[in-house]
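*Asks:* the sequence isn't on hand, but the structure is:
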């Protein structure tokens, strides 16, 4: 019987934390402790050591890969007698709710834009492409929010296709975790060198949706993909802890969609968060997100405390 561990062994080179850290190759740390404060996610204790050991080697790897692709593009365009296209190099970051995708994306953005070869790095989250609340309610998808069918896939594909083709200005919808809905204002993207696209389902392909296999998927436009991984037990624990922090923060703000959660006791909040995980986030992880893990070019496997314990690099 072929197991996931056998598949990973066949497809990936595995690096324990110390071995991976050695691949930094004297790349200088460009972030200070104050910089990290703005990059940390809810309930994450991101340290300088974590950035040095895990993300600096990753930024070096990406810089080398991007440089090689840029050189290949120069050669190909010269052979074809074409002008170079202005489309960005696209990095996708996938993984479960509460795994720390957003923090990973922000760290990589901060590190990559310090490399002189690609100073303009933009970050877009796919949350903004979830259908507006009114549409979700009309379609009966409110309890399926975050599942593939809750996204305006056509809008997302148009955005990334326009971006990849070198369009001068592209607009991405923004999302509010306060109103639990799409915002009116958009994020303007103007020809970045690199675009980091963060979201639950950015690694999906036609294999996941056989009936739609003939249409393009976001993954078709991605140059390098990262999956942030952790055991479901840890993910559920982190989700509950994040819910407790939101209860006294975002949930209590004026206009919050979840204002009714702000008055819950600790025990009530833990039970509510646990139920949400068991009914929505857990099933979505098992059915849609986790099955895409082995398509990633690189897997960051986290242990307790959101610390990366192992890095898996596709051969």
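*Replies:* Perfect, thanks for sending it. This structure is a prediction, so every number in the text was calculated from the model and none was measured. Residues are numbered from 1 along each chain as shown.
*Asks:* who touches stretch 17-28?
*Replies:* For stretch 17-28, contacts defined as CB atoms under 8 Å, 6 or more residues apart in numbering pick out 15, 52-54, 56-57, 59-61, 307-311. For glycine as for every other residue, the C-beta is placed from the backbone atoms N, C-alpha and C.
*Asks:* how long is it from one end to the other?
*Replies:* Stretch 17-28 has an end-to-end distance of 18 Å (CA to CA, to the nearest Å).
*Asks:* show me the helices in this protein, by range?
*Replies:* Along the chain, the stretches classed as helices by DSSP state H are 4-11, 17-21, 33-37, 48-50, 56-80, 101-112, 133-139, 153-164, 232-247, 266-276, 282-284.
*Asks:* distance to residue 185 and mean pLDDT added to those helices, as CSV?
*Replies:* Formatted as CSV, the helices of the chain follow (distance: least, CB to CB, whole Å; pLDDT from 0 to 100):
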stretch, distance to residue 185, mean pLDDT
helix 4-11, 41, 75
helix 17-21, 39, 94
helix 33-37, 25, 77
helix 48-50, 33, 89
helix 56-80, 30, 83
helix 101-112, 19, 93
helix 133-139, 17, 96
helix 153-164, 15, 94
helix 232-247, 23, 93
helix 266-276, 28, 95
helix 282-284, 28, 97
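*Asks:* what's the closest of those to residue 94?
*Replies:* Residue 94 lies closest, by CB to CB, to one member of those: helix 101-112, at 7.1 Å.
*Asks:* quick one: distance of that closest one to the chain centre.
*Replies:* The chain centre lies 9 Å from the centre of helix 101-112; the measure is CA atoms, centre = their mean, to the nearest Å.
*Asks:* elements contacting that helix?
*Replies:* Identification of packing neighbours for helix 101-112 by 3 or more CB pairs under 8 Å, 6 or more residues apart in numbering; DSSP states H and E yields helix 56-80, strand 89-95, strand 121-125, strand 194-198, strand 224-229.
*Asks:* how about the closest residue to residue 243 other than its chain neighbours, what does it touch?
*Replies:* The shortest distance from residue 243 to any non-neighbouring residue, by CB to CB, 6 or more residues apart in numbering, is to residue 273 (3.7 Å). Shown in contact with residue 273 (CB under 8 Å, 6+ apart): 239-240, 243-244.
*Asks:* with distance to residue 121 and neighbour count as extra columns, can I get those residues in TSV?
*Replies:* As requested, those are exported to TSV (distance: CB to CB, whole Å; neighbours: other CB atoms under 10 Å):
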residue	distance to residue 121	neighbour count
239	28	21
240	33	19
243	31	23
244	33	18
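*Asks:* widest-spaced pair of these?
*Replies:* Spatial extent of the contacts of residue 273 (CB to CB) is set by the pair 239 and 244 at 9.9 Å.
*Asks:* isn't residue 65 up against residue 298?
*Replies:* No. Using CB atoms under 8 Å, residue 65 makes no contact with residue 298, being 10.3 Å away.
*Asks:* neighbour count winner among those two?
*Replies:* The neighbour comparison of residue 65 against residue 298 (other CB atoms under 10 Å) goes to residue 298, with 20 against 15.
*Asks:* now that one: how far from residue 136?
*Replies:* 32 Å (CB to CB, to the nearest Å).
*Asks:* what sits closest to residue 161 if chain neighbours are left out?
*Replies:* Leaving aside its sequence neighbours, residue 161 sits nearest to residue 221 (CB to CB, 6+ apart; 6.8 Å).
*Asks:* perfect, that will be all.
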